[in-house]
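Asks: Have a look at this fold, sequence not included:
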């Protein structure tokens, strides 16, 4: 993060794809580079607190002390299994159906629970990527947000939705300050889908603002001066002479 408005630094955790928002940023702020920093899940809030990034796309829950957090969307939770596993034949599974399987619980798991269903492994894998390798080796299964299953896709693995378990909510987080910087307001507007002319977004240049013209008030018609020798009132009907008084 810089003290000037020369750039905007955004961290994001694995599985989150900021590409569509980055494209919008380039359209609206072509002179301000948006720098993306992929970070492990548990380092995202630290980067914000230390001022190394302006904001982060991360997974809730987090410690919100000194931080704003706008929930953006919620992902479905899935179970990753080998393609020859019985679960691969199901459309959806429940936690009870994993009761006899070893279910891995990586140390970087971000789901809001004490632990997954099923039987615990002897050791917890350090990362989700390590757990995926163990699933492929037939050591156990893995319950993760769907985007992480896609991120670590392998030809020998598949995944199925699992019900009645916590889901992962992705949020935009940034530091609490007395006054939100203009670039931060701009990015908030982008992720919330505000249009470029939104009053909550960044103000437009003076030359681009539309000014409303106040319609001119209609003025009463001015009476035309009467020529000498003419009389007031309606003209006499055709074919009749005015009666003399």
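Replies: Now that the structure is in, tell me what you want to look at. Predicted, not measured: the structure shown is a model, and the values here were computed from it.
Asks: sec struct for the residue lying closest to residue 61 once chain neighbours are set aside, please.
Replies: Counting by CB to CB, 6 or more residues apart in numbering, residue 112 is the residue found nearest to residue 61 once chain neighbours are left out, at 5.4 Å. For every residue, glycine as well, the C-beta is placed using N, CA and C. Classification of residue 112 by DSSP: H, G, I helix; E, B strand; the rest coil places it in coil.
Asks: Next up, the contacts around residue 112.
Replies: The neighbours of residue 112, taking CB atoms under 8 Å, 6 or more residues apart in numbering as the test, are 60-61, 166.
Asks: By neighbour count, which of these wins?
Replies: Neighbour counts for the contacts of residue 112, by other CB atoms under 10 Å, peak at residue 60, which reaches 16 neighbours.
Asks: Can you pull out the low-pLDDT segments for this protein?
Replies: Low-confidence segments of the chain (pLDDT under 70): 1-5, 197-245.
Asks: domain ranges for it?
Replies: Per the record, the chain has its domains at 8-73+169-203, 77-161, by automatic domain parsing.
Asks: list the contacts for residue 85?
Replies: residue 141.
Asks: how many other residues sit next to residue 71?
Replies: Here the number of neighbours of residue 71 (other CB under 10 Å) works out to 10.
Asks: So it sits against residue 60, correct?
Replies: Yes: using CB atoms under 8 Å, residue 71 makes contact with residue 60 at a distance of 6.6 Å.
Asks: which SS state does residue 72 fall under?
Replies: Taking three-state DSSP as the rule, one finds residue 72 in the strand state.
Asks: now do residue 22
Replies: Look at residue 22: counting by three-state DSSP, its state is helix.
Asks: do residue 31 as well
Replies: Strictly by three-state DSSP, residue 31 counts as coil.
Asks: ok, back up a step: wait, which of the contacts of residue 112 is closest to residue 84?
Replies: Among these, residue 166 lies closest to residue 84 (CB to CB), at 27.9 Å.
Asks: Could you tell me whether residue 47 really is in a strand?
Replies: No: counting by three-state DSSP, residue 47 is not found in a strand; it is helix.
Asks: which residues touch it?
Replies: By CB under 8 Å, 6+ apart, residue 47 lies in contact with 11, 37, 39, 53, 56.
Asks: Filter the residues you listed down to the buried ones.
Replies: Neighbour counting over the contacts of residue 47 (16 or more other CB atoms under 10 Å) leaves 11, 39, 53, 56 as the buried ones.
Asks: tell me which of the residues you listed is nearest to residue 104?
Replies: residue 39 (22.3 Å).
Asks: how near is that closest one to residue 57?
Replies: Residue 39 sits at a distance of 10 Å from residue 57 (criterion: CB to CB, to the nearest Å).
Asks: next one: residue 178
Replies: From residue 178 to residue 57 the distance is 24 Å (CB to CB).
Asks: So for these two, which residue has more residues nearby?
Replies: For residue 178 versus residue 57, neighbours defined as other CB under 10 Å are more numerous around residue 57 (22 against 4).
Asks: name the element that one belongs to?
Replies: Counting by DSSP states H and E, the element that carries residue 57 is strand 55-60.
Asks: Work out which residue lies at the spatial centre of this structure.
Replies: Geometric centre of the chain, nearest residue: residue 191, 3.3 Å, by CA atoms, centre = their mean.
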